[in-house]
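1. based on what follows, work out the 3D shape:
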Amino acid sequence: MLDILIIEDNKELGTLLCDFLRAENYTVSVAGSAEKGLALYEKYGARLVVLDIMLPGADGFSVCARIRRQSDTPILIVSARTQKEDKLTGLELGADDYIEKPYDIDIMLAKIAGIFRRRCSSDEITVQDLQVDRRSRVVRRNGVPVDMTAKEFDLLLLLLENRGRTLDKDFIFRRVWPDSLSEPQTLTVHIKWLRQKIEDDPKRPSKILTVWGVGYRFA
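-> Prediction:
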């Protein structure tokens, strides 16, 4: 997963911001259009999206709305559009912040660091009887370590980070197996294995729920 995805059609500005962020040890990718940005997001995922509004083709508002329908990934809108209505629209669509162009790079870096502190400050997720440590990639149930493969952990973490949201099967598959030649049926198998490890009754799951015709949701 990328730390930061920049969707910005100004190549010079996007490259400049990318260079500064990489100097801060973030993993970063830049896309020059909504279509390319969404393709990168769906393939690799991102911990933060820095999003311009005025893009070729679909605008940034539509990108914001689409990402927010499937994930709570933090979104920072960056735009030369300074009208109050534009700011309200971005925030109402689910953006975490809105910064005007031209911006001071130090302020931009501080805002990004602040979003990460607020949204990603804890390495550990505790839900019901599960404790999941992102950094060590260790899962415990009632304090007892649960043996998991790398893909089982990635799948569980994705579901937990989007708890309460129904994730489409194709979206999950692209995020957990982005460069794989595996068949989509692989997801169904991994869901079964996860349920066997974390559910009281795998045949009647109460944590990982199936949303028929769509995908899965962590309750």
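2. now do the strands in the protein.
-> Applying DSSP state E to the chain gives strands spanning 2-7, 28-31, 46-52, 75-79, 97-100, 124-127, 130-133, 138-141, 144-146, 167-168, 208-211, 215-218.
3. got the phi/psi numbers for the residue nearest the centre of the chain?
-> The residue lying closest to the centre of the chain (Cα atoms, centre = their mean) is residue 73, at 4.1 Å. Main-chain torsions, residue 73, degrees, to the nearest 10: phi -50, psi 130.
4. one more: the one 10 residues further on?
-> Residue 83 adopts backbone torsions of phi -70, psi 150, taken as degrees, to the nearest 10.
5. give me the domain ranges for this protein.
-> Taking automatic domain parsing as the criterion, the chain consists of the domains 2-119, 124-218.
6. out of those, deepest packed?
-> Sort the domains of the chain by mean neighbour count, taking mean count of other Cβ atoms under 10 Å, and domain 2-119 sits at the top with a mean of 17. Quick note: C-beta positions are derived from backbone N, CA and C, even for glycine.
7. for residue 26, list the residues it contacts.
-> Taking Cβ atoms under 8 Å, 6 or more residues apart in numbering as the criterion, residue 26 is in contact with 3, 4.
8. re the thing from before, for the strands of the chain, which one sits closest to residue 15?
-> Distance to residue 15, taken as Cβ to Cβ, is lowest for strand 28-31 among the strands of the chain, at 6.8 Å.
9. quick check: the residue lying closest to residue 210 once chain neighbours are set aside vs residue 202, distance?
-> Distance criterion Cβ to Cβ, 6 or more residues apart in numbering; nearest residue to residue 210, sequence neighbours excluded, is residue 216 at 6.0 Å. Distance, residue 216 to residue 202, by Cβ to Cβ, to the nearest Å: 14 Å.
10. pLDDT at the residue nearest to residue 192 when sequence neighbours are not counted, what is it?
-> Leaving aside its chain neighbours, residue 192 sits nearest to residue 202 (7.5 Å; criterion: Cβ to Cβ, 6+ apart). Reading off the confidence values, residue 202 has pLDDT 96.
11. wait, residue 202 sits on residue 191?
-> No. Taking Cβ atoms under 8 Å as the definition, residue 202 is not a contact partner of residue 191, at 10.0 Å.
12. and the gap between residue 130 and residue 158?
-> Taking Cβ to Cβ as the measure, residue 130 and residue 158 are separated by 14 Å.
13. what's the answer for residue 15, then?
-> Distance, residue 15 to residue 158, by Cβ to Cβ: 30 Å.
14. residue 116 now?
-> 18 Å.
15. which ones are touching residue 71?
-> Residue 71 neighbours (Cβ under 8 Å, 6+ apart): 162, 165.
16. and it, what's its pLDDT?
-> pLDDT, residue 71: 81.
17. the closest residue to residue 143 other than its chain neighbours bridge partners, please.
-> Distances taken as Cβ to Cβ, 6+ apart place residue 131 nearest to residue 143, at 7.3 Å, with adjacent residues excluded. Bridge pairing for residue 131 (DSSP bridges) gives the partners residue 126, residue 140.
18. show me the contacts for residue 131.
-> Going by Cβ under 8 Å, 6+ apart, residue 131 touches 124, 125, 139, 140, 141, 143.
19. same check on residue 89?
-> residue 61 are the contacts of residue 89 under Cβ under 8 Å, 6+ apart.
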